[in-house]
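*Asks:* any chance you could fold what I've pasted below:
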Amino acid sequence: MYCFRYNGDIVGFAAYDIYKNKKCYFGPMGVALSNRVNGIGYSLLHHCLKDMSDIGYEYAIIGDAGPIEFYEKACNAVVIPSI
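*Replies:* Numbering: from 1, shown residues only. As a prediction, this is how the structure comes out:
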């Protein structure tokens, strides 16, 4: 898990392999509303994705992602439709 602090307060966090103990799942992630334009989410996302790649994961699943546009732009994520 990663967190980003500003003036001693946690303003963002990201994790992976937390959701129901399932491997390859990115999330949860959150950034305080007042800090969402500072690149914190982008940085947290890419730190986690790098760690996931380093331990051998070839892909990451972002379950219940939102906003989807952020992930599409930040890491070229693709929505996989439900069947």
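*Asks:* helix/strand/coil for the nearest residue to A77 once chain neighbours are set aside?
*Replies:* Nearest residue to A77 in three dimensions, chain neighbours excluded: Y71, at 3.8 Å (CB to CB, 6 or more residues apart in numbering). Backbone N, C-alpha and C define where each C-beta goes, glycine included. Under DSSP: H, G, I helix; E, B strand; the rest coil, Y71 falls in the helix class.
*Asks:* check Y71 and give its pLDDT.
*Replies:* Predicted confidence (pLDDT) for Y71: 94.
*Asks:* pretty sure it contacts D64?
*Replies:* No: if you go by CB atoms under 8 Å, Y71 and D64 don't touch, sitting 11.3 Å apart.
*Asks:* looking at the two, which is more packed in?
*Replies:* Y71 (20 against 7; other CB atoms under 10 Å).
*Asks:* which residues touch that one?
*Replies:* Shown in contact with Y71 (CB atoms under 8 Å, 6 or more residues apart in numbering): L45, I62, A65, A77.
*Asks:* wait, the third one sits on Y25?
*Replies:* It refers to A65. No: A65 is beyond contact range of Y25, at 10.9 Å (criterion: CB under 8 Å).
*Asks:* which one's more surrounded, those two?
*Replies:* Neighbour comparison, A65 and Y25: the larger count goes to Y25, with 19 against 16 (by other CB under 10 Å).
*Asks:* ok, and the closest non-adjacent residue to the more buried one?
*Replies:* In space, Y25 comes closest to Y19 once its chain neighbours are excluded; the distance is 4.4 Å by CB to CB, 6+ apart.
*Asks:* likewise Y42?
*Replies:* A74 (5.1 Å).
*Asks:* looking at this protein, which helix or strand does the model trust least?
*Replies:* strand 2-6 (a mean of 90; mean pLDDT, DSSP states H and E).
*Asks:* send the alpha carbons of the next helix or strand after that strand over as PDB?
*Replies:* Going down the chain from strand 2-6, the next helix or strand is strand 9-16, by DSSP states H and E. The C-alpha trace of strand 9-16 is given here as PDB (Å, rounded to 0.1, in the frame of the first residue of the first chain):
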ATOM      1  CA  ASP A   9      -2.100  14.600   6.400                       C
ATOM      2  CA  ILE A  10      -2.700  11.600   4.200                       C
ATOM      3  CA  VAL A  11      -4.200  13.100   1.000                       C
ATOM      4  CA  GLY A  12      -4.000   9.900  -1.200                       C
ATOM      5  CA  PHE A  13      -3.600   6.200  -1.000                       C
ATOM      6  CA  ALA A  14      -3.400   3.200  -3.400                       C
ATOM      7  CA  ALA A  15      -3.100  -0.500  -2.900                       C
ATOM      8  CA  TYR A  16      -3.200  -3.800  -4.800                       C
END
